[in-house]
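Engineer: Sequence and predicted structure are below.
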Amino acid sequence: MARRGAGTPSLLQLSLLLLLCPGGEWGPSWTLGCASVAVGSPVVPLGSTITATCTIQRELCQGLEQGKVRISWMLDNKPVAGSQRQGPGGTDVSDLTLPRFNRTQARLWCCVEWNGTKQRVGMAEIRAGYPPAKPLNLSCVLNLGDYGLTCQWEQGADSHLPTSVALKCAGPRAHSSGCRRSRAQAVTGCTPRGGHSHCTVPRPLLQLYREMEIWVSVTNALGTAESERLCIDPMDVAKLDPPTLRNIQSIPFQTDCVALAWEVARGTEHMELQCELRYRAPEDPDWTLVSGIMGRAGTAQRCGFLFGTPYHFQMRCRRSSALAYWSEWSPARNYTTHEKAPSGKLDTWWGARPAGAGGRLEVQLRWKAPRRHEANGQVLGYRVTLSPRRRGRDPPTICNTTHTQCNFSAPAGTRRVYLSAYNAAGESAATEVVLLERKGEPLARLWAGPGGNSSLRVHWEAPPAPVVAYVLEWQRVTSEPGHCSTCWQMERDRTATTALIQNGIEPFQRYNISLYPLYKDAVGMPAHTAAYSQQRAPSHAPKLHLRSISKSEAELCWEPLPVEMQNGFITNYTIFWANSIADVASATVNPSLSSFVIRGLRPSTLYRVHIMASTAAGGTNGTSLTLVTTVLDDTEIQFLFLILGLAFLLLILLLICFQKNERVKEQLWPSVPDPANSSLGKWVPAVLPQEPLLVPAAREPGPVSISTVTVLEGAPGKPLGKEPLGPPAAPPALPRPYVRQDGPAEPVQYARVGGAGYRGQRLLPEPGPRFYENLRGRGDGGGDWGVPEEPPATFPLLQGLRIGGAEELHDCRAD
C-alpha cells in the first residue's frame with residue numbers, strides 16, 4: 001500500500017507532462033522509459049498496411065507494478081483497436097494493424113488506463129504518399145549576356161512527401177563522342193529554390209562547344225525519378241540578340257519588290273545564322289512570314305507587295321541548329337511602297353429619272369472605292385464623263401469628286417457614262433456604266449436574318465431568267481428620313497442565293513433590305529424585306545392615354561414606339577389592369593393596333609392600367625395609368641338629359657299655351673263679360689223711360705223680345721239673394737248711361753250695368769241687336785213671369801251673359 005502510494009505522484013506528474021506538452025514538440029517516435037512504440041516503417045505508400053507494437057515494462061512505470069495494465073491505441077484523436085498479450089520478461093505488449101492507411105500524415109499514440117483515464121505513454125509519426133513523378137519537358141537556353149544556362153521543366157504529380165529536386169549536368173568522357181560518361185565523371189548542377197521548376201547553371205560549370213548531359217532528379221523517401229536526359233552543346237541552345245533592320249527600299253524595275261538590309265547582333269558575326277522576316281499591312285490580320293534567309297548575307301529581296309501600301313517589317317535569327325532558340329523579333333520598321341495608277345473596274349449602281357423641262361435626265365451615280373490591290377495607292381478622286389478618253393483628247397468632265405457618289409444632269413437619250421479613279425501616279429481605265437431600264441417582275445421571295453451581332457444574312461430565290469449580277473441595298477430605319485449612299489454591294493456570282501451584309505450593321509437597329517437582279521439588258525424590279533442583326537427588349541413601353549370611359553368600358557390609345565426604341569420587331573402589346581381588390585386581368589393586342597377597349601369593368605371603380613411592349617427577346621413595362629369608371633353610360637346620361645329637356649320643354653310649352661291660347665284659358669279660368677263694356681252700354685238712351693214690367697202670364701208664349709235690361713248693384717257687404725222680402729221700393733238712382741244714337745227714326749236698345757265686379761273687363765266686339773232668349777226671373781213659383789216679390793236692389797247677378805244668335809244667358813242663382 002505504501003509502495004503504491006509512493007508511485008502515485010510520479011504517475012500524476014507524468015500525466016500532467018503528457019497533457020501540457022504541445023503535440024508539435026514530439027518527435028517521429030517518442031516513448032517514456034517504461035513504454036516503447038515500434039512501427040514497420042514510418043513512411044509508407046498511400047493505402048498500404050501499417051503494423052505497430054507498443055511494449056510496457058511495469059517495473060519502470062511507478063504505480064503500474066501491480067494490477068492489470070490495459071493498453072489502447074489512438075490514431076490522432078480517433079481510437080483504434082489493437083490486441084494485447086504478455087511479452088517476455090513480464091512486459092505487456094499490444095499489437096496494432098491498420099489495413100489501409102489513407103492519410104498522408106498521422107500520429108499513432110499508445111495509451112494506458114490509470115484511475116479510469118487514458119494516459120499517453122508513447123507515439124510514432126507516420127507519413128504516406130507516392131514515389132516522385134517523372135519531370136517532363138526539360139528545356140534549356142543559354143544567355144549570352146552572362147553565359148548562364150537556364151533550364152526549366154514541368155513537375156509531375158504531388159507525392160505528398162518531402163521531396164528534393166536537383167538539375168544535374170555532366171560532361172562526356174575524354175576522347176569520346178556523344179553523351180556517354182564514365183561513372184567517375186563529376187556531376188554538377190543547381191537546385192531550384194522556393195519550390196520552383198527552373199534554375200540556372202553558372203558559366204564555370206559549363207563546357208561550351210562541347211556536348212553535355214543534363215537531366216532533373218527528384219527524390220523522396222519512397223524513391224527517385226529522373227527526367228529524359230538532354231545531350232546538348234550549350235551554344236546550340238543560346239538565345240541570340242535580335243538583328244537590326246537598316247534599310248528598306250523599292251526596286252525600281254520590279255515595282256512589286258523591295259530590298260532589305262540588316263545587321264546581326266554583336267558577337268554573332270562568326271556564327272552560322274538562320275533568319276526569318278515577317279511583314280504585314282495595317283489592315284492585315286496576320287503576318288506574312290519569309291523563312292530560309294541566311295544571316296551572314298545581310299541583304300534580301302522580297303516581291304509581291306501592294307503598291308502605295310504601308311508595311312511593318314521585323315526580323316529574328318538563331319544558330320543553324322535544330323535545338324537553337326530564335327531571338328526576339330527586332331523592333332518594327334515601317335515602309336510604304338511606291339504608287340502606280342489604279343487598275344481594275346469599279347462596281348457601280350445608279351438611278352435615273354427625267355428632269356422635266358428640257359427633256360434632260362437626272363442621274364444619281366454611286367460606286368465602290370477600288371479594292372486595296374486595285375487602288376495602287378491613295379485614290380485622290382473620281383471623274384465622270386459622257387464619252388471615253390481617247391488618245392490626245394480628254395472628254396469634258398460632268399462630275400469630279402472625292403466621294404463615292406455623284407448627282408448630275410445628262411442630255412436626253414444618254415445611255416452610257418464613264419467613270420475613272422485617279423491617284424498621284426495616274427488615272428485608271430474608264431469603267432463604262434450602261435443606264436439600263438428597270439422592268440420585269442421582282443424576285444419571288446426574299447428574307448433575311450442575323451449573320452452575327454453586326455451582320456445580316458440575306459437569302460433569296462433565283463429568278464427564272466439568267467442573271468448577270470445582283471445589287472443589294474440596305475438602309476437603317478430611323479424616325480427622321482435619311483439615305484446612306486454607301487449601303488449597297490454587288491454580288492457578281494450569278495448562281496448565288498445568299499449574301500452577307502457586314503458594312504455598317506449595328507445590333508438592335510432595323511434595316512430595310514432591297515435586292516435588284518441585273519439582267520443583260522435591264523434591271524429587274526426589287527424585292528424588299530426588313531431584319532435585325534440582334535434583338536432585345538424595347539427601351540421603354542408606349543405611354544397610355546384614356547380616350548373614353550363609361551361605367552363598364554374604357555378605351556385606351558397609345559402612340560407607336562419610335563423605331564430606334566423598339567430594339568426588335570414588336571410581337572405584341574399586353575394590357576394589364578387591376579382594381580383595388582387585386583383582380584388582375586390582361587389582354588394581348590396585335591402590334592399593328594394603337595388602341596384597345598377594356599370591357600367588363602365595374603361601375604364607379606378605380607383601376608390601374610399599364611402596357612407591356614414585347615419583342616422576341618423580352619418585354620418592357622410602361623408607366624401606370626389610373627382611371628375611374630362612371631356611374632352611368634353616356635347613352636344613359638344622354639337619355640336622362642333628354643327626358644329632363646323634354647319635361648322642361650313641355651312645361652315651357654304649357655306655360656306658353658296658357659298665356660296665348662284663349663280656349664285653354666277660358667276652360668281653366670272662364671272670362672265673364674263686362675256688360676259695362678258691351679255694345680249694349682253704348683246703346684243706352686240719354687233719358688231712361690220707365691217701362692212697366694209685363695206679367696208673363698199675359699203674354700203669348702214664344703220668343704221674348706227684350707228691349708231693356710237693367711242690372712242693379714247689391715248693397716255692399718251683403719250677399720246677394722239673402723235679404724228678407726218686403727214691399728217693393730222705388731228703384732235707386734241709375735248710374736250714368738252709355739248712349740249710342742244711330743238716327744232719329746231708329747229704335748234704341750240699351751242696357752244699364754251695375755256691380756263693381758264687372759269693371760275692367762275687356763270690350764267685346766259690337767254685335768248688332770239680337771233677341772234674348774230664356775231670360776228667367778225669380779217669381780213666386782212656376783216658370784211664368786210674375787211681378788218680382790223683392791225690390792230691384794235684390795235682383796240677382798246675371799252670369800254667363802252671351803250675345804249672339806244661339807248663345808244662352810244663364811243665371812247662376814237659378815242654376
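Structural biologist: That came through, no problem.
Engineer: what's the strand ranked longest in the chain packed up against?
Structural biologist: Longest strand in the chain by number of residues (criterion: DSSP state E): strand 117-129. Contact here means 3 or more CB pairs under 8 Å, 6 or more residues apart in numbering; DSSP states H and E; on that basis strand 117-129 packs against helix 2-20, strand 29-31, strand 35-39, strand 43-45, strand 50-57, strand 71-75, strand 105-114. C-beta here means a position set from N, CA and C on the backbone, and glycine is covered the same way.
Engineer: pLDDT on the fourth one, on average?
Structural biologist: This points to strand 43-45. Averaging pLDDT along strand 43-45 yields 92.
Engineer: So what's the gap between the very next helix or strand once past the longest strand of the chain and the chain middle?
Structural biologist: Heading C-terminal from strand 117-129, the first helix or strand you meet, by DSSP states H and E, is strand 136-143. Distance of strand 136-143 from its chain centroid, counting by CA atoms, centre = their mean, to the nearest Å, is 55 Å.
Engineer: got the CA positions of strand 136-143 in CSV?
Structural biologist: The C-alpha coordinates for strand 136-143 follow below in CSV (Å, rounded to 0.1, in the frame of the first residue of the first chain):
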residue,chain,number,x,y,z
LEU,A,136,8.6,16.4,-68.1
ASN,A,137,9.5,18.8,-71.0
LEU,A,138,13.0,19.7,-69.9
SER,A,139,14.5,22.6,-71.9
CYS,A,140,17.4,24.8,-71.5
VAL,A,141,18.6,28.1,-73.0
LEU,A,142,22.0,29.8,-72.9
ASN,A,143,22.0,33.5,-72.1
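Engineer: Can you give me the buried ones in that strand?
Structural biologist: Residues of strand 136-143 classed as buried: 138-142 (neighbour count, 16 or more other CB atoms under 10 Å).
Engineer: quick one: contacts of that strand?
Structural biologist: If you take CB atoms under 8 Å, 6 or more residues apart in numbering as the criterion, strand 136-143 is touched by 148-154, 156, 214-216, 227-228, 230, 232, 234-235, 237-239, 325.
Engineer: pull the longest helix from this protein.
Structural biologist: Ranked by residue count and defined by DSSP state H, the top helix of the chain is helix 634-660.
Engineer: quick one, what contacts Arg445?
Structural biologist: 460-461, 527.
Engineer: who does the one helix or strand Thr224 maps to pair up with?
Structural biologist: Using DSSP H and E, the element containing Thr224 is strand 223-226. Strand 223-226 pairs in its sheet with strand 212-220 (antiparallel), by DSSP bridges.
Engineer: State the mean pLDDT of the strand it pairs with.
Structural biologist: For strand 212-220, the per-residue pLDDT averages 91.
Engineer: What helices and strands are in contact with the helix or strand just after the strand holding Thr224?
Structural biologist: Following strand 223-226 in sequence order, the next helix or strand is strand 230-232 (DSSP H and E). When contacts are defined as 3+ CB pairs under 8 Å, 6+ apart, strand 230-232 packs onto strand 136-143, strand 212-220.
Engineer: Please pull up the helix or strand immediately following strand 230-232.
Structural biologist: For strand 230-232, the succeeding helix or strand toward the C-terminus, using DSSP H and E, is strand 238-239.
Engineer: Can you list the helices and strands that the helix or strand just after that following strand packs against?
Structural biologist: Next helix or strand after strand 238-239 toward the C-terminus (DSSP H and E): strand 244-250. Applying 3+ CB pairs under 8 Å, 6+ apart, one finds that strand 244-250 makes contact with strand 257-263, strand 310-319, strand 333-336.
Engineer: Just say which of those is most tucked in.
Structural biologist: Counting by mean count of other CB atoms under 10 Å, strand 310-319 has the highest mean neighbour count of those, with a mean of 20.
Engineer: how far off strand 257-263 does that strand point, in degrees?
Structural biologist: If you take axes from the mean of the first three to the mean of the last three CA atoms, to 10 degrees, strand 310-319 sits at 50 degrees to strand 257-263.
Engineer: helices or strands up against strand 310-319?
Structural biologist: Applying 3+ CB pairs under 8 Å, 6+ apart, we find strand 310-319 packed against strand 244-250, strand 257-263, strand 273-280, strand 333-336.
Engineer: follow-up on the earlier one: among the helices and strands packed on strand 244-250, which comes closest to Cys54?
Structural biologist: Cys54 sits nearest to strand 310-319 of all those, at 66.2 Å, using CB to CB.
Engineer: who does that closest one pair up with?
Structural biologist: strand 273-280 (antiparallel), strand 333-336 (antiparallel).
Engineer: would you turn those strands into a markdown table with distance to Val187?
Structural biologist: Shown next, in a markdown table, are the strands paired with strand 310-319 (distance: least, CB to CB, whole Å):
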| stretch | distance to Val187 |
| --- | --- |
| strand 273-280 | 33 |
| strand 333-336 | 47 |
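Engineer: Figure out which of those strands is closest to Phe639.
Structural biologist: strand 273-280 (86.6 Å).
Engineer: and that closest one, C-alpha only, in PDB?
Structural biologist: In PDB, the C-alpha atoms belonging to strand 273-280 read as follows (Å, rounded to 0.1, in the frame of the first residue of the first chain):
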ATOM      1  CA  LEU A 273      22.800  32.100 -88.500                       C
ATOM      2  CA  GLN A 274      19.400  31.300 -89.900                       C
ATOM      3  CA  CYS A 275      16.900  34.300 -90.000                       C
ATOM      4  CA  GLU A 276      13.200  34.900 -90.700                       C
ATOM      5  CA  LEU A 277      11.400  38.000 -92.000                       C
ATOM      6  CA  ARG A 278       7.800  38.900 -91.300                       C
ATOM      7  CA  TYR A 279       5.700  41.800 -92.600                       C
ATOM      8  CA  ARG A 280       2.100  43.000 -92.800                       C
END
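Engineer: what's in contact with that strand?
Structural biologist: Contacting residues not belonging to strand 273-280 are listed as 240, 243, 260, 262, 264, 286-296, 300, 302, 311-320, 324, 326, 329 [CB under 8 Å, 6+ apart].
Engineer: Show me the helices in the chain, by range?
Structural biologist: 2-20, 372-375, 563-566, 634-660, 662-668, 679-682.
Engineer: packing partners for the fourth one?
Structural biologist: Counting contacts by 3+ CB pairs under 8 Å, 6+ apart, helix 634-660 packs against helix 662-668.
Engineer: just the second one next, same as before
Structural biologist: Packing contacts for helix 372-375, counted by 3+ CB pairs under 8 Å, 6+ apart, involve no helix or strand.
Engineer: average pLDDT across that helix?
Structural biologist: Averaging pLDDT along helix 372-375 yields 90.
Engineer: List the contacts of it.
Structural biologist: Applying CB under 8 Å, 6+ apart, the contact partners of helix 372-375 are 281, 283, 306, 308-309, 342-344, 369, 421, 423.
Engineer: Just the pLDDT for Ala587.
Structural biologist: Note on Ala587: pLDDT of 95.
Engineer: Arg203: how many residues sit nearby?
Structural biologist: For Arg203, the tally of surrounding residues (other CB atoms under 10 Å) stands at 14.
Engineer: Can I get the helices and strands packed on strand 230-232 in a markdown table including distance to Asn567?
Structural biologist: Output for the helices and strands packed on strand 230-232, formatted as a markdown table (distance: least, CB to CB, whole Å):
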| stretch | distance to Asn567 |
| --- | --- |
| strand 136-143 | 51 |
| strand 212-220 | 60 |
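Engineer: so which of the ones you listed comes closest to Lys543?
Structural biologist: Lys543 sits nearest to strand 136-143 of all the helices and strands packed on strand 230-232, at 66.9 Å, using CB to CB.
Engineer: Just checking: what are the partner strands of that closest one?
Structural biologist: Partners of strand 136-143 in its sheet, by DSSP bridges: strand 149-154 (antiparallel), strand 238-239 (parallel).
Engineer: would you turn the ones you listed into a markdown table with mean neighbour count?
Structural biologist: Output for the strands paired with strand 136-143, formatted as a markdown table (neighbours: other CB atoms under 10 Å):
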| stretch | mean neighbour count |
| --- | --- |
| strand 149-154 | 20 |
| strand 238-239 | 20 |
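Engineer: rank the ones you listed by pLDDT, which is bottom?
Structural biologist: Of all those, the minimum mean pLDDT falls on strand 238-239 (a mean of 86).
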